[in-house]
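K.L.:
Need coordinates for the following:
(one chain, ligands or ions: 1)
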Amino acid sequence: MVIFGVTGDLARKKVMPAIYDLANRGLLPPGFSLVGFARRDWEEQDFAQIVEEAVRTHARTEFREEVWTQLSEGFRFVPGDFDDDVAFETLGQTLRELDVQRGTGGNHAFYLAIPPGFFGSVVSQLKEHGLVDGGDAWRRVVVEKPFGHDLESARELNAVLADVFPSGSVFRIDHYLGKETVQNFLAFRFANTLFEPLWNSHYVDHIQITMAEDIGIGGRAGYYDGIGAARDVIQNHLLQLMALVAMEEPHSFDAESLRQEKRKFLSAVTSKEPFSQTTARGQYVAGWAGGDKVAGYLEEDGIAADSRTETYAAITLEVDNRRWAGVPFYLRAGKRLGRRVTEVAVVFRQAPHVPFSELATEDLTQNALVMRVQPDEGMTVRFGSKVPGTAMEIRDVSMDFAYGGTFTESSPEAYERLILDVLLGDPPLFPRHEEVELSWQILDPILEAWAADGEPEPYDSGTWGPLSADAMLARDGRKWRRP
Ligand code: BG6
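P.N.:
Presented below is the predicted three-dimensional model:
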């Protein structure tokens, strides 16, 4: 595997530790080799040291000397710019040597952990220097979001990749799809009889998808400003969650069937207008997080004092098909909120007739099924139950399934699963370019309306976002869940 952008946050915090964790679990072949490519004046040992630091700080599994030694023997470093012909020649030479020394069989994955503006020059360099065509060996490219900033730029990006790599060799990472709890959506829905019969507009009142983070933007001003919450996580993670929760059953779990259902589903999703009422956006101001006083977005390092970037976004979507007609999907995501939680809540309709007095049921709300992606991975079903006693009084209770209490194995990190799938060439968990483009198609009208009009509403750090988001649901007679 060749990593472009080894000095970045993503490579250090996620990719390199995941590679070590895979090696530690015995899931990498002994000849696996890692080549770093960056604009740094480093020797091989400098690169090894960077990887070691990243692994010691961020790996999930314990550091074992013998695993490290075996893995690090396959480390190489190539210094150079992305448009530097000599560096790409050296890269080719390094890869050929590794094939001989470590028996990599000529199979190469190129991981672009770099801003998309550089994709074009890197892939065309790979092509020009004969690194794309491996004959019988495989050549794959791994790309990370953002896949563009709107439909048009996403199409351009896809064209750049398609020009060089056949579509089956392009692996787009959406790390939410690598999460255990997200893959469980499919097991939960399609391996059971209990829930699927209720999964439609006859029984479901609405669905809420929440991705709340307590962190601010940290040191990511350069990436985040001008992007905002909707582009950062709704376009990809939240729309993918929505697709897995609400698409039709694929006839098998192979890449083609799964992607086909997601594509079909996403092409039926539309945003609901008028956006002034069906969407909300906010920007955090100073407040409290975990007992500490924290700065507002506009005071963060590297953010312009007049930035209009939203750090909170909520949108209403609809699905134009028989199963979901009339059922709103409310998606929200934000930074510096009350706590970190990602969940999908399926809220059911009220029972059509309740043969108890109003007094008996005043504490009873709608049944709900909550799939907790993180933390406290698991599920909760909320339903009404009689309170013990002589009177008929009915109240909400819940039934819980927690991964932690049920399984002894801990879940692998999303990146472990995804990197392994890249090496195995197993693509069901990687969105295709059609899905990426459909997601932009859904979001673009909202983003255009936001750019043309108004500003994000301020909200205090440590709260649950702007008041306009509550008003958005209140208009529909509904409320956000307090996770
Ligand atoms: C990334 C976003 O895709 O996901 C970040 O760019 C966000 O802004 C992150 O913080 C959250 O990932 P996780 O796995 O911690 O939920």
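
K.L.:
Gly222: which element?
P.N.:
Secondary-structure element containing Gly222, defined by DSSP states H and E: helix 221-224.

K.L.:
Could you tell me how many residues sit around Arg340?
P.N.:
By the criterion of other Cβ atoms under 10 Å, Arg340 has 13 neighbours. The C-beta positions use only the backbone N, C-alpha and C, and glycine is treated the same way.

K.L.:
How about it: what's its closest non-neighbour residue?
P.N.:
Asp214 (4.9 Å; Cβ to Cβ, 6 or more residues apart in numbering).

K.L.:
Quick check, that neighbour in contact with Thr342.
P.N.:
No: in this structure Asp214 lies outside contact range of Thr342 using Cβ atoms under 8 Å: 12.0 Å.

K.L.:
So the two - more neighbours on which side?
P.N.:
The residue with more neighbours, out of Asp214 and Thr342, is Thr342; 25 against 17, by other Cβ under 10 Å.

K.L.:
Looking at the residue of the chain most remote from its centre now. What's its pLDDT?
P.N.:
Largest separation from the mean C-alpha position in the chain: Thr390, at 49.6 Å (Cα atoms, centre = their mean). Per-residue pLDDT puts Thr390 at 93.

K.L.:
quick one: least confident helix or strand in the chain?
P.N.:
helix 9-10 (a mean of 87; mean pLDDT, DSSP states H and E).

K.L.:
List phi and psi for the residue in the chain positioned nearest to the ligand.
P.N.:
Scanning the chain for proximity to the ligand using Cβ to the nearest ligand atom identifies Asp232 as nearest, at 4.8 Å. Note on Asp232: its backbone torsions stand at phi -70, psi -50 [degrees, to the nearest 10].

K.L.:
isn't it right up against Tyr224?
P.N.:
Yes: contact status for Asp232 versus Tyr224: in contact at 6.6 Å, counting by Cβ under 8 Å.

K.L.:
returning to what we had before: ok, the residue nearest to Arg340 to Ser252 distance?
P.N.:
Noted for Asp214: a distance of 39 Å to Ser252, by Cβ to Cβ, to the nearest Å.

K.L.:
can you pull the pLDDT of the residue of the chain closest to the ligand?
P.N.:
On the pLDDT scale, Asp232 gets 95.

K.L.:
ditto for Gly134
P.N.:
87.

K.L.:
host element of it?
P.N.:
Under DSSP H and E, no helix or strand contains Gly134.

K.L.:
same deal with Glu66?
P.N.:
helix 65-72.

K.L.:
which strands and helices sit next to the helix or strand just after that helix?
P.N.:
Remark: after helix 65-72, the chain's next helix or strand is strand 75-79, criterion DSSP H and E. Here strand 75-79 touches strand 34-38, helix 44-58, helix 85-102, going by 3 or more Cβ pairs under 8 Å, 6 or more residues apart in numbering; DSSP states H and E.

K.L.:
Compare those and give me the one nearest Ile315.
P.N.:
helix 44-58 (32.6 Å; Cβ to Cβ).

K.L.:
Run the chain-centre distance for the closest one.
P.N.:
With Cα atoms, centre = their mean, to the nearest Å as the basis, helix 44-58 stands 26 Å off its chain's centre.

K.L.:
wait, does it contact the ligand?
P.N.:
No: counting by Cβ under 6 Å from any ligand atom, no contacts exist between helix 44-58 and the ligand, the nearest distance being 12.4 Å.

K.L.:
List of residues touching that helix?
P.N.:
6-7, 11-14, 16-17, 20, 34, 36, 40, 42, 63, 68, 72, 75-77 (Cβ atoms under 8 Å, 6 or more residues apart in numbering).

K.L.:
Buried among those? Make that a PyMOL selection.
P.N.:
Command for PyMOL that selects the buried part of the contacts of helix 44-58, burial taken from 16 or more other Cβ atoms under 10 Å:
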select buried, resi 6+11+12+14+16+17+20+34+36+42+68+72+75+76+77
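
K.L.:
Which secondary structure state does the residue farthest from the centre of the chain sit in?
P.N.:
At Thr390 the chain is in coil, as set by DSSP: H, G, I helix; E, B strand; the rest coil.

K.L.:
Next: Phe32.
P.N.:
coil.

K.L.:
neighbours around the residue lying closest to it once chain neighbours are set aside, how many?
P.N.:
Leaving aside its chain neighbours, Phe32 sits nearest to Gly74 (6.0 Å; criterion: Cβ to Cβ, 6+ apart). Burial of Gly74 is recorded as 19 neighbouring residues (other Cβ under 10 Å).

K.L.:
Ok, Ser357 next?
P.N.:
11.

K.L.:
now the one 5 residues further on
P.N.:
The number of residues packed near Glu362 is 10, by other Cβ under 10 Å.

K.L.:
Including mean pLDDT, could the helices and strands packed on strand 75-79 go into JSON lines?
P.N.:
JSON lines is the format used below for the helices and strands packed on strand 75-79 (pLDDT from 0 to 100):
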{"stretch": "strand 34-38", "mean pLDDT": "95"}
{"stretch": "helix 44-58", "mean pLDDT": "93"}
{"stretch": "helix 85-102", "mean pLDDT": "96"}
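
K.L.:
now for the ones you listed, which one comes closest to Glu128?
P.N.:
Glu128 lies closest, by Cβ to Cβ, to one member of the helices and strands packed on strand 75-79: helix 85-102, at 7.4 Å.

K.L.:
Pull up the pairing partners for the helix or strand just after the closest one, direction included.
P.N.:
Per DSSP H and E, the first helix or strand lying C-terminal to helix 85-102 is strand 108-112. Here strand 108-112 is paired, per DSSP bridges, with strand 2-4 (parallel), strand 139-144 (parallel).
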